[in-house]
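Participant: Sequence and computational prediction follow.
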Amino acid sequence: MREEKMIKLKSITKASMSIVLVVSFLVSSTAAFAEIVGRLSVHWSPKHHSAKHAQIFADEVNKRANGKLKIEVYPSKQLFGIREVMGAVTSGAVELGGIVGVVSFPPINKNFNVASFPGLFNSWEQQRGFFQNSPKGKEIWGELTKKTNSTLVMYNPVGPVMSISSARELTGIDAMKGLKARRLLKSEEPMWDALGANRVSLKTGEVYNALQSGMIDTINSPPGSIKAYSWWEFLKYAQKPYQYYADAYIMANSTWFNSLPADLQKIIMDVGKEVGTLSTDRIMDHGETVLKEFQDRGGVVTTLSGAEKAKFDKLMKDKVMPAMAKMIDADALKAAQEYAKNN
């Protein structure tokens with residue numbers, strides 16, 4: 001009898017172990033094929049050109065990953081704002097972020113201020129070429145990505161920057177005196193100071209209320225942003241020329257990116273290249289289309305020419321550029337100027 005019980009007990013034990021092994025196999029198999037999630041934090045409104053292309057990027061990655069990876073987009077600073085998102089990517093608080101270079105990079109390496117140096121680069125390609133192909137530019141970019149533990153996934157420009165106001169028609173530099181100007185970048189200070197404007201430091205999310213309350217009446221902005229954030233409810237007067245090309249990027253936390261299987265890394269980089277080209281090809285026409293809509297709403301766009309353009313150029317050369325040059329190492333500025341001259 002006792003022997004019979006022992007045999008039954010052994011059978012039960014073996015059966016139990018088999019069940020445990022099967023369950024363990026199923027759990028480990030499920031874990032092995034579990035969908036990886038990457039959170040993409042952007043401060044842009046869903047209506048913004050860059051937000052739209054960030055979503056196109058995510059949708060296409062998700063489609064090609066076929067259940068192995070899902071990129072979730074969080075627009076309108078649901079997770080992090082324009083000044084905080086780079087730190088969030090660096091720390092791993094999010095896996096990916098929409099980064100505006102002229103906002104996030106100069107505090108890490110001041111030489112990135114060449115990107116907002118007035119009139120220095122004449123295209124997205126020229127600006128990107130400096131950071132990716134020239135020895136000094138590669139040094140700056142390499143230090144930035146190392147310090148931020150980030151990997152460039154996609155170019156996603158916000159647009160060329162111009163001055164736009166609610167106060168009065170911007171017929172020349174004299175019209176700028178006394179305006180209440182929003183300052184997003186430290187590199188904007190020399191221009192506002194030279195023009196005699198009063199500057200107020202504000203994040204993107206604070207601009208609408210500041211325009212509404214009269215705290216500010218003027219901004220430097222890509223055209224697309226005035227529509228995406230409804231700032232054109234208050235802004236009525238715009239001034240060209242464009243001052244610089246404000247590039248933006250989707251950057252991934254390098255630790256997270258490097259932990260992905262090689263096939264998923266390739267999907268991300270392939271889609272980033274394709275959608276980045278699409279975003280870049282569309283941004284200039286998008287800005288001009290918005291300006292046309294702005295004019296249809298009663299807005300006025302003044303393109304400086306003749307004597308007024310000459311006065312603007314002289315102000316930039318005599319006051320703004322020397323002040324900005326102090327924000328950049330001399331060898332970095334010289335390298336950028338040489339690259340722009342020859343490429």
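Facilitator: Yes, it's here. Numbers count the residues shown, from 1 in each chain.
Participant: for stretch 197-217, which positions count as buried?
Facilitator: Going by neighbour count (16 or more other Cβ atoms under 10 Å), the buried part of stretch 197-217 is 197, 199, 202, 203, 204, 207, 210, 211, 216, 217. (C-beta placed from N, C-alpha, C; glycine too.)
Participant: Please name the residues that touch the first one.
Facilitator: Neighbouring residues of residue 197 by Cβ atoms under 8 Å, 6 or more residues apart in numbering: 176, 177, 178, 179, 180, 181, 218.
Participant: 7 Å instead, please
Facilitator: 176, 178, 179, 181, 218 (Cβ atoms under 7 Å, 6 or more residues apart in numbering).
Participant: and if you look at residue 89?
Facilitator: The contact partners of residue 89, by Cβ under 7 Å, 6+ apart, come to 96, 97, 148, 150, 251, 253.
Participant: just to revisit the earlier point, turn the buried residues of stretch 197-217 into JSON lines, including distance to residue 234.
Facilitator: Converted to JSON lines, those look like this (distance: Cβ to Cβ, whole Å):
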{"residue": "197", "distance to residue 234": "17"}
{"residue": "199", "distance to residue 234": "18"}
{"residue": "202", "distance to residue 234": "14"}
{"residue": "203", "distance to residue 234": "17"}
{"residue": "204", "distance to residue 234": "15"}
{"residue": "207", "distance to residue 234": "10"}
{"residue": "210", "distance to residue 234": "9"}
{"residue": "211", "distance to residue 234": "4"}
{"residue": "216", "distance to residue 234": "9"}
{"residue": "217", "distance to residue 234": "8"}
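Participant: now the helices for the protein?
Facilitator: Secondary structure of the chain (DSSP state H): helices at 2-32, 49-65, 85-91, 101-104, 124-133, 135-147, 189-195, 207-213, 223-228, 254-259, 262-296, 306-315, 321-325, 330-342.
Participant: Dump those into CSV; add distance to residue 162 and mean pLDDT as well.
Facilitator: Converted to CSV, the helices of the chain look like this (distance: least, Cβ to Cβ, whole Å; pLDDT from 0 to 100):
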stretch, distance to residue 162, mean pLDDT
helix 2-32, 52, 44
helix 49-65, 15, 98
helix 85-91, 24, 98
helix 101-104, 14, 96
helix 124-133, 16, 97
helix 135-147, 25, 98
helix 189-195, 12, 97
helix 207-213, 15, 98
helix 223-228, 7, 96
helix 254-259, 35, 98
helix 262-296, 9, 98
helix 306-315, 12, 96
helix 321-325, 17, 97
helix 330-342, 20, 98
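Participant: Does residue 85 touch residue 97 like I think?
Facilitator: Yes - assessed by Cβ atoms under 7 Å, residue 85 is found in contact with residue 97 at 4.2 Å.
Participant: ok, how many other residues are close to the closest residue to residue 249 other than its chain neighbours?
Facilitator: Spatial nearest neighbour of residue 249, excluding adjacent residues (Cβ to Cβ, 6 or more residues apart in numbering): residue 99 at 4.9 Å. Residues near residue 99, counting by other Cβ atoms under 10 Å, number 24.
Participant: Distance to residue 114 added to the helices of the chain, as JSON lines?
Facilitator: Shown next, in JSON lines, are these (distance: least, Cβ to Cβ, whole Å):
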{"stretch": "helix 2-32", "distance to residue 114": "46"}
{"stretch": "helix 49-65", "distance to residue 114": "21"}
{"stretch": "helix 85-91", "distance to residue 114": "18"}
{"stretch": "helix 101-104", "distance to residue 114": "10"}
{"stretch": "helix 124-133", "distance to residue 114": "7"}
{"stretch": "helix 135-147", "distance to residue 114": "8"}
{"stretch": "helix 189-195", "distance to residue 114": "14"}
{"stretch": "helix 207-213", "distance to residue 114": "26"}
{"stretch": "helix 223-228", "distance to residue 114": "22"}
{"stretch": "helix 254-259", "distance to residue 114": "24"}
{"stretch": "helix 262-296", "distance to residue 114": "19"}
{"stretch": "helix 306-315", "distance to residue 114": "19"}
{"stretch": "helix 321-325", "distance to residue 114": "9"}
{"stretch": "helix 330-342", "distance to residue 114": "4"}
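Participant: Out of those helices, the one nearest residue 110 is which?
Facilitator: helix 330-342 (8.5 Å; Cβ to Cβ).
Participant: which residues does the residue nearest to residue 215 when sequence neighbours are not counted contact?
Facilitator: Leaving out its chain neighbours, the residue that sits closest to residue 215 by Cβ to Cβ, 6+ apart is residue 200, at 6.3 Å. Shown in contact with residue 200 (Cβ under 7 Å, 6+ apart): 180, 182, 183, 215, 216.
Participant: Good, wrapping up.
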